[in-house]
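# Need coordinates for the following:
(one chain, ligands or ions: 2)
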Amino acid sequence: MLKIGCHMSTAKGFADVGRTAEKIGANSFQFFTRNPRGGSVKEWSDRDISAYLAFADSHGFVPPLAHAPYTLNPCAKDEALRKFAFETMEDDLKRLQKLPGSCYNFHPGSHVGQGSEKGIEYIAEMLNKLSDHSTTILLETMAGKGTEVGRSFEELRAIIDKVENKEKLGVCLDTCHVFDSGYDIASHLDEVLEEFHRVIGLERLKAVHLNDSMNVLGSRKDRHEKLGKGTIGLDAFAAIINHEKLRDLPFYLETPNELDGYADEIALLKKLYQEA
Ligand SMILES: [Zn+2]
Ligand SMILES: [Zn+2]
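Ligands and ions are numbered 1, 2, ... in the order given. Alright, predicted model coming up:
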C-alpha cells in the first residue's frame with residue numbers, strides 16, 4: 001500500500017483533516033505544528049485528537065508528519081533566536097505525544113555567516129537539550145540556498161554524530177531540495193541512495209517529500225513545482241515511489257497545489273505505484 005499524503009492545514013482540527021485527506025485519496029498528511037511564519041499555536045483539543053485517531057484507525061491511515069515552522073533557526077547567531085527555536089520545539093514535542101507514531105520534521109537552519117561547522121554545533125546542542133520525548137525528530141535535506149545547513153548528506157551526518165539520543169533521530173528527504181543541492185535523483189537515483197546509505201544510513205530515512213523542482217540540478221534554489229511539470233520529471237517520481245529502498249516509506253506532497261490538485265497527483269501516484 002502506498003503511504004501518501006500532502007501538506008494540509010489543521011485550522012479546523014485534526015478530525016477535519018483526516019476526513020479531507022481521505023476524500024482526496026490520502027492515507028496520511030503533513031501539517032505545521034503552528035503558524036509557519038510566527039510562533040503562535042492554538043491548543044489541541046483532546047476530543048478532536050481522539051476523533052481523528054478513531055477515524056485514522058478505521059480508515060487505515062499511517063501517522064501524520066509534523067513540520068516545525070520553517071522560520072525557526074536553531075543555529076542563529078543571536079542567542080535569543082536559538083532559545084526561541086529550542087522552546088518552540090520543546091513545546092511541539094510535548095504536544096506531539098498525543099499523536100503516537102508521528103515524526104517531527106524540521107529545517108536544520110541557516111548559519112548566517114558563522115560557517116556550517118558552527119551551525120552544526122548549535123543544531124546538535126539544541127537537540128541534546130530537548131527533554132526525553134517519544135517522537136522521532138527528522139532533519140530535512142536542504143537545497144542549500146543562502147547559508148542553509150543540511151545541503152549535503154555529510155552535513156546531516158555531522159549533526160547526527162554530535163547528537164546523544166540517536167535512536168530518536170532520522171532524516172526526511174525532500175526530492176526538490178536534494179536535486180537543487182546537486183544530487184541527481186532524476187537520472188541517478190540508485191547512486192544517490194547508495195551515497196545516502198554510505199554517509200547517513202538508509203535506516204535513518206523515515207519520510208520523503210515528493211516535490212518537482214522549478215530549477216536545474218545544483219541550482220540551490222528551493223522552488224517546488226507540480227509533479228511532472230518540473231526538472232525532475234514524472235519518470236523519476238515513478239522510480240522513487242517504487243524503489244525497493246523507499247517504497248514502504250510515507251510520501252508527502254508539498255507541491256504548489258490546492259486540494260483538487262493534490263487529489264490529482266495522489267491519483268496519479270497510485271496509478272504509478274506497483275503493488276508488491
Ligand atoms: Zn520543509
Ligand atoms: Zn520539504
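# what residue ranges in the protein are flagged as low confidence?
38-39 (pLDDT under 70).
# residue farthest from the centroid of it?
Here the chain reaches farthest from its C-alpha mean at residue 47, the gap being 26.7 Å by C-alpha atoms, centre = their mean.
# Return the distance of it relative to residue 58.
Taking C-beta to C-beta, to the nearest Å as the criterion, residue 47 is separated from residue 58 by 17 Å. (Each C-beta comes from the backbone N, C-alpha and C, glycine too.)
# now residue 60, nearest residue through space, not along the chain?
Nearest residue to residue 60 in three dimensions, chain neighbours excluded: residue 27, at 6.0 Å (C-beta to C-beta, 6 or more residues apart in numbering).
# residues contacting the one you found?
1, 2, 3, 4, 5, 21, 59, 60, 61, 62 (C-beta atoms under 8 Å, 6 or more residues apart in numbering).
# try it again with 10 Å
Neighbouring residues of residue 27 by C-beta atoms under 10 Å, 6 or more residues apart in numbering: 1-5, 18, 21, 56, 59-62, 250, 266.
# Likewise for residue 24?
Residue 24 is in contact with 4-6, 8, 259-267, counting by C-beta under 10 Å, 6+ apart.
# can you name the two of those residues that are farthest apart?
The widest separation within these, taken as C-beta to C-beta, falls between 8 and 267 and amounts to 16.6 Å.
# Of these two, give the one with the bigger neighbour count.
Set side by side, residue 8 and residue 267 show more neighbours around residue 8, with 23 against 12, by other C-beta atoms under 10 Å.
# Residue 171 should be in a helix, yeah?
No: residue state for residue 171 (DSSP: H, G, I helix; E, B strand; the rest coil) corresponds to strand; a helix is not indicated.
# now whichever residue of the stretch 51-200 of the chain sits closest to ligand 2: how far from residue 274?
As assessed by C-beta to the ion, ligand 2 sits closest to residue 174 within the stretch 51-200 of the chain, at 3.6 Å. Applying C-beta to C-beta, the value for residue 174 to residue 274 is 23 Å.
# Who has more neighbours out of the two?
Ranked by neighbour count (other C-beta under 10 Å), residue 174 and residue 274 place residue 174 first, with 27 against 9.
# ok, the more buried one touching residue 255?
No: judged on C-beta atoms under 10 Å, residue 174 makes no contact with residue 255 at a distance of 11.5 Å.
# Common neighbours of these two, please.
Residues touching both residue 174 and residue 255 by C-beta under 10 Å, 6+ apart: 209, 210, 211, 224.
# Of the residues you listed, which are in range of ligand 2?
residue 209 (C-beta under 5 Å from the ion).
# Select from the shared contacts of residue 174 and residue 255 the one having the most neighbours.
Ranking these using other C-beta under 10 Å puts residue 211 first, with 27 neighbours.
# check contacts around it.
7, 174-177, 179-180, 222-227, 230, 232, 237, 252-256.
# Buried by neighbour count, from those: which ones?
Buried subset of the contacts of residue 211 (neighbour count, 16 or more other C-beta atoms under 10 Å): 7, 174-177, 179-180, 222-227, 230, 232, 237, 252-255.
# if we can go back for a sec, if the residue of the stretch 51-200 of the chain closest to ligand 2 is in a bridge, with which residues?
Residues in a beta bridge with residue 174, per DSSP bridges, are residue 209.
# Residue 259 - nearest residue in space that isn't next to it in sequence?
Here the residue nearest residue 259, using C-beta to C-beta, 6+ apart, is residue 24, at 5.7 Å.
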